[in-house]
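**Student:** dropping the sequence and predicted coords here.
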Amino acid sequence: MSELARIVRGSGPALLLAHGGGGGIQANYGPILDGLAERYKVIGPDYPGTGGTPRATEPLTLDGLADALVEAAGEEGVETFAIVGYSLGGPVAIRAAVRHPDRVTALVLTASFAHPSARMRLATRTWRKLLDAGDPPRLATFLALIGAGASFLDRLSAEELEAMLAGAAATVPPGTPDHVDLVEAVDVRADLTRLNIPTLVISTTEDQLATPYHHRQLADGIPGAKFAEIATGHLPFAERPQEWLGLIRAFLDEVHR
């Protein structure tokens with residue numbers, strides 16, 4: 001039995017959500033959950049150490065996390081499903097599709113990556129050091145600079161910026177160090193050519209964490225993948241949620257036509 005707590009909403013074709021490192025289903029998909037649930041049965045498991053899921057006692061693995069998500073879907077009575085993967089959720093979704101090809105019908109990969117570049121590893125190692133330092137305000141400042149798009153940050157008032165930083169500092173899931181360690185270990189480059197299902201790669205064009213270099217690597221490596229762009233940083237759910245929702249729904253509607 002899967003130990004992952006989960007959100008289940010809506011009805012229709014099944015849709016499994018895979019969230020990002022240091023996030024959670026509500027944190028990463030909250031603004032678009034209602035819109036997804038209007039058309040799909042949405043299943044959103046939280047990784048160990050976030051939401052209602054206890055922190056893992058052993059290091060996380062991509063295979064283990066992918067299998068746990070698929071198991072959670074099965075426990076909700078779902079045999080086949082599309083997966084929307086955001087950030088770290090992208091390689092989790094890819095590995096789930098490779099390990100369970102009879103279960104996964106389509107993929108949507110947003111702000112994601114197959115393997116962290118040297119630049120991305122610099123960012124994640126800094127993230128990990130700030131977590132270890134136990135300084136939430138400094139961590140929140142770093143994540144705002146590396147996570148939010150420049151145009152989004154530039155438009156914020158001083159009050160809005162302070163509120164965003166305070167919220168980020170107060171809501172660091174306890175499993176975040178484990179998630180960041182897993183990001184460093186991700187390498188699904190060899191999996192890409194094994195995918196033979198409809199796939200949409202959504203590139204967040206102002207992303208300073210998983211940069212567009214990573215998005216193009218995914219799209220170029222997956223046979224027949226479609227490619228779309230959205231003018232945000234690494235946080236499309238905060239910066240342009242309705243545009244992000246529209247891209248996901250349009251693609252999945254076409255898949256299920």
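**Tutor:** Sure thing, it's come through.
**Student:** next, the residue nearest in space to the middle of the chain: phi, psi?
**Tutor:** Taking C-alpha atoms, centre = their mean, the centroid of the chain lies closest to Tyr86, which sits 2.1 Å from it. When read as degrees, to the nearest 10, the backbone of Tyr86 gives phi -110, psi 130.
**Student:** which residues touch Thr199?
**Tutor:** Contacts for Thr199 (C-beta atoms under 8 Å, 6 or more residues apart in numbering) come out as 106-109, 222, 224-226. Bear in mind the C-beta positions are built from the backbone N, C-alpha and C, glycine included.
**Student:** Tyr213 reaches Ala118, doesn't it?
**Tutor:** No. Tyr213 is beyond contact range of Ala118, at 10.6 Å (criterion: C-beta atoms under 8 Å).
**Student:** what's the burial count for the residue lying closest to Arg194 once chain neighbours are set aside?
**Tutor:** Excluding the flanking residues, the one nearest Arg194 by C-beta to C-beta, 6 or more residues apart in numbering is Val98, at 5.3 Å. The number of residues packed around Val98, counting by other C-beta atoms under 10 Å, is 17.
**Student:** low-confidence regions, the stretch 101-250 of the chain specifically.
**Tutor:** Of all residues in the stretch 101-250 of the chain, none has pLDDT under 70.
**Student:** in it, which spans are helices?
**Tutor:** Read by DSSP state H, counting those that start in this stretch, the stretch 101-250 of the chain holds these helices, from start to end of the chain: 118-133, 136-147, 150-155, 158-170, 176-185, 212-221, 236-239, 241-255.
**Student:** now do the buried residues in the last one.
**Tutor:** Same thing as helix 241-255. By neighbour count with 16 or more other C-beta atoms under 10 Å, helix 241-255 contains the buried residues 241, 244-245, 247-249, 251-252, 255.
**Student:** now these in TSV, with distance to Leu145?
**Tutor:** Compiled in TSV, those are given as follows (distance: C-beta to C-beta, whole Å):
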residue	distance to Leu145
Pro241	21
Trp244	21
Leu245	26
Leu247	26
Ile248	27
Arg249	31
Phe251	31
Leu252	33
Val255	36
